[in-house]
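Enquirer: mind looking at a prediction? Sequence and model below.
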Amino acid sequence: MMIVVYSMIPVLVLMIPLLVIALLKARRRTRRRRADSPAGQVSGGWSEVLSLAADLGSEPQRTGTRREHAAALGAAFPTTAAGTTLLARRADHAVFGPGEPTEAQVAEYWERVDENIAGIRGSVGGWRRLRARFSPRSLVLEARARRRQRHQLRSQQRLARRAAASGRRAEERAAERRSRPARRGGGTRAVRTVDDQASKE
């Protein structure tokens, strides 16, 4: 019995990272599905499609619109191209269109997302599907994107602080220049001329 237990330890050690990755992906999906706004929930559904594509090694470039990303994914997974394009358009409408999607519309969008994800997975081989399920690629790429965003935000904040400090210094210099003539006028002393000196003598 103990031999069996000990022999299972290496397997369990190898499985722990895979279980952690699966847990992180499940938590990410829940966070996206329960975003603060309906538009954010729809956008999160689209992000699920991109994350799967990343884990399959076919994610689009960071820059570009959703429709451009959909075109890239359609080329990588032709059997689901129409559904992917529809999801991209509906996500754009939810985010940029007037009003907010209803709860029913959000639920229906996520149903389409799950259908699209199932179609993408079904279009690749079993080994590739298994690797994608436990691949940390999408998690790593998203972590890097968040770091870039934080770096850009800090850079913008530094530039804003420098601009504000420069503006304050410019105002102080302008105020100092305006105050100089007043100081000169208020501090003048009477100049004794030759005639004044002679009259006193």
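Expert: Yep, it's here. Numbers count the residues shown, from 1 in each chain.
Enquirer: from the contact counts, what lies against the lengthiest helix in the chain?
Expert: Looking across the chain with DSSP state H, the single longest helix is helix 137-186. Judged by 3 or more CB pairs under 8 Å, 6 or more residues apart in numbering; DSSP states H and E, helix 137-186 is in contact with helix 2-33, helix 38-55. C-beta here means a position set from N, CA and C on the backbone, and glycine is covered the same way.
Enquirer: list the buried ones in the last one?
Expert: Of the residues in helix 38-55, those scored as buried under the neighbour-count criterion (16 or more other CB atoms under 10 Å) are 38-55.
Enquirer: next, count neighbours for the nearest residue to Arg67 once chain neighbours are set aside.
Expert: Leaving aside its chain neighbours, Arg67 sits nearest to Ala88 (5.1 Å; criterion: CB to CB, 6 or more residues apart in numbering). Counted with other CB atoms under 10 Å, residues neighbouring Ala88 total 22.
Enquirer: my read: Ala88 touches Ala72, true?
Expert: No - using CB atoms under 8 Å, Ala88 makes no contact with Ala72, being 10.5 Å away.
Enquirer: ok, the residue nearest to Arg67 - contacts?
Expert: By CB atoms under 8 Å, 6 or more residues apart in numbering, the residues touching Ala88 are Trp46, Arg66, Arg67, His69, Ala70.
Enquirer: filter those residues down to the buried ones.
Expert: Buried among the contacts of Ala88 (16+ other CB under 10 Å): Trp46, Arg66, His69, Ala70.
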